[in-house]
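Colleague: Can you look at this prediction? I've put the sequence above it.
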Amino acid sequence: MSAPRRLRLGVLVSGTGRTLENFAALSRSGLLRGEVVLVISSSRTAYALERAALLGLPALALAPRSFPSEAAFAAEVFRRLEKERVDLALLAGFLARLPIARGWRGRVMNIHPALLPGFGGKGFYGLRVHEAVRAAGVKVSGCTVHFADDEYDHGPIILQRTVPVSFEDSAEDIAHRVFEKEKTAYPEAVNLYAAERLLHADGRVQVLP
């Protein structure tokens with residue numbers, strides 16, 4: 001098996017950019033087998049754009065409402081990624097639906113702050129996820145990294161990490177605990193991809209030794 005390569009990464013954001021900041025820090029420390037070469041925000045007012053500027057990362061905003069259709073929006077997103085020769089696209093709190101273009105299936109990852117297939121789908125984002133987890137009374141939550149497809153929070157699961165949930169926890173408590181797991185789980189999935197250790201077949205992903 002070949003040595004892990006260093007990927008050209010495109011990060012797609014809509015919010016504060018905490019995950020983007022984590023990727024940038026790990027990349028510069030050498031712990032992430034990739035370099036962020038492009039940031040795309042679906043919102044012109046997202047703080048992630050300011051964070052990208054502070055990090056010295058090239059960034060732009062593509063608002064879905066500025067395009068005549070969802071397909072036109074997705075086509076422009078992937079055109080920009082291809083222009084920068086991006087190897088792997090990473091959804092990091094990207095709230096716009098993104099139909100995956102031909103040639104990009106298996107090259108777009110997403111992370112969700114719950115254990116899919118539970119507590120996912122349209123409308124399940126941010127604190128709403130953790131409020132739903134708390135209301136359901138589940139004893140374990142966590143995060144899921146998966147290859148994205150044309151549905152919200154759906155596609156072959158790469159890895160999952162769990163956290164305990166206690167009766168006393170607030171949604172904010174759960175969110176904090178889950179995000180700490182996200183900071184290691186998502187980079188781990190990227191590194192596995194770089195090392196060509198993800199075998200995608202029959203709708204499932206096997207992590208090779």
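Modeller: Looks like it arrived, so ask away.
Colleague: rest of the way, CA atoms for contacts and neighbours
Modeller: Noted.
Colleague: Output the below-cut-off pLDDT ranges for the protein.
Modeller: 1-4 (pLDDT under 70).
Colleague: residue ranges for the strands of it, please.
Modeller: Per DSSP state E, the chain carries strands over the ranges 7-13, 34-41, 59-61, 88-92, 108-112, 140-147, 157-164, 198-201, 204-207.
Colleague: between the fifth one and strand 88-92, how many degrees?
Modeller: Note on geometry: by axes from the mean of the first three to the mean of the last three CA atoms, to 10 degrees, strand 108-112 and strand 88-92 are set 20 degrees apart in direction.
Colleague: Each with direction, which strands does strand 108-112 pair with?
Modeller: strand 88-92 (parallel), strand 140-147 (antiparallel) (DSSP bridges).
Colleague: same deal with the second one?
Modeller: Under the criterion DSSP bridges, strand 34-41 sits next to strand 7-13 (parallel), strand 59-61 (parallel) in its sheet.
Colleague: Determine the longest helix present in this protein.
Modeller: Longest helix in the chain by number of residues (criterion: DSSP state H): helix 171-194.
Colleague: what does it rub up against?
Modeller: 4-7, 19, 22-23, 32-34, 111, 113-114, 127, 130-131, 133-134, 141-143, 145, 158-163, 165, 198, 207 (CA atoms under 8 Å, 6 or more residues apart in numbering).
Colleague: List only those of these flagged as buried.
Modeller: The neighbour-count criterion (16 or more other CA atoms under 10 Å) marks 6-7, 19, 22-23, 32-34, 111, 113-114, 130-131, 133-134, 141-143, 145, 158-163, 165, 198 among those as buried.
Colleague: nearest spatial neighbour of residue 97, skipping sequence neighbours?
Modeller: Of all residues not flanking residue 97 in the chain, residue 152 sits nearest, at 6.9 Å (CA to CA, 6 or more residues apart in numbering).
Colleague: how close does that neighbour sit to residue 10?
Modeller: The gap separating residue 152 from residue 10 is 19 Å, by CA to CA, to the nearest Å.
Colleague: Looking at these two, which one has more neighbours?
Modeller: Neighbour count, other CA atoms under 10 Å: between residue 152 and residue 10, residue 10 has more, with 29 against 19.
Colleague: Tell me, how many residues neighbour residue 209?
Modeller: By other CA under 10 Å, the residues close to residue 209 number 6.
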